[in-house]
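Undergrad: Pasting the sequence and the predicted coordinates here, then a few questions.
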There are 2 protein chains.
Amino acid sequence: MEPPRSLQQRKQDTLGRLESHVDAWIATADTAGNGYLLPLSFLWDGTGVIVSTPRSSTTARNLSGGGRVRIGIGQVRDVTMIDGMAEPILDDPIKDAFAAKHGWDPRNETDDYAYFRIVPYRMQTWREVNELPGRTLMRDGAWLA
Amino acid sequence: MEPPRSLQQRKQDTLGRLESHVDAWIATADTAGNGYLLPLSFLWDGTGVIVSTPRSSTTARNLSGGGRVRIGIGQVRDVTMIDGMAEPILDDPIKDAFAAKHGWDPRNETDDYAYFRIVPYRMQTWREVNELPGRTLMRDGAWLA
């Protein structure tokens, strides 16, 4: 097991991962207490995780519902977990940036795609059990490092 | 892009993955519409996905709530999604099998760990977009192949 990383190092690794990774697990819920989950392509714009999904999908419906969203990026022994709230995105520059990252523009699909920014209020990252202490990088929307 | 697999092949690959994989993404919800997500070690016992987590944790609370649970195994371009309902597990042979698979016995932890079996009613698996048709392996708890 590697020695635990510093908070500063974890923040740097996490920002690198937010830039370079393509997909994230997006967990949402409906008001009846049913969990939903889907891996989606994402873009990090410096303030939130941007995803696009058909407006009629379960994920879009749940994201519009205003509940907390939880995002997992990475794998079990090197994971970043993000808790956030979704807001709709209407501005085109963000949609252009999304298309540029993924080589895929949901605005060209026949389905009507909605865009959401999931703004984190908490972010945690850890590898092995020795990194569980100090895993919180952001609390109440403020970076701790 | 590889040609799409047959339903029979997908079922075989999925059962292989349920046997061999160690971790799964477990998405649950509370009754207020908040999603939760955690990667957890799992065991497949032939009828469901068995996980163990501290009884006081958010996941255990949500699993006890009776809502639908959604499980992701694999990665975005080779994924298995399982929708199921959780039931508590009390019998020791299952807990022994869990400990044997993972080399970790939650009964030895100081925290009080609860065990759950998430019994699937729907299972889907696909790689690329050409496998989206025919992705449903199980519907209403019955295998389609």
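TA: Everything's here; your move.

Undergrad: Close to chain B: what parts of chain A are there?
TA: Within chain A, the positions near chain B by CB under 8 Å from any CB of the partner chain are A:22-23, A:25, A:27-39, A:41, A:62, A:65-72, A:75-76, A:79, A:81. C-beta here means a position set from N, CA and C on the backbone, and glycine is covered the same way.

Undergrad: Now with 7 Å, please.
TA: When proximity is defined as CB under 7 Å from any CB of the partner chain, chain A approaches chain B at A:23, A:25, A:27-37, A:39, A:65, A:67-70, A:72, A:76, A:79.

Undergrad: List the contacts of the closest residue to chain B within chain A.
TA: With CB to the nearest CB, the shortest gap between chain A and chain B falls at A:A29, namely 3.1 Å. Applying CB atoms under 7 Å, 6 or more residues apart in numbering or on different chains, we find A:A29 in contact with A:G35, A:Y36, A:N62, A:G67, B:A29, B:G33, B:N34, B:G35.

Undergrad: Could you say which helix or strand holds the second one?
TA: So that's A:Y36. In the assignment (DSSP states H and E), A:Y36 maps to strand A:35-41.

Undergrad: what about the helices in chain A?
TA: A:7-20, A:58-64, A:92-102 (DSSP state H).

Undergrad: now those in CSV, with distance to A:T110, mean pLDDT and mean neighbour count?
TA: Below are the helices of chain A laid out as CSV (distance: least, CB to CB, whole Å; pLDDT from 0 to 100; neighbours: other CB atoms under 10 Å in any protein chain shown):
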stretch, distance to A:T110, mean pLDDT, mean neighbour count
helix A:7-20, 30, 96, 15
helix A:58-64, 16, 97, 20
helix A:92-102, 16, 97, 14
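
Undergrad: Name the residues of stretch A:22-41 that come out as buried.
TA: Along stretch A:22-41, these residues count as buried under the neighbour rule (16 or more other CB atoms under 10 Å in any protein chain shown): A:23-30, A:33-41.
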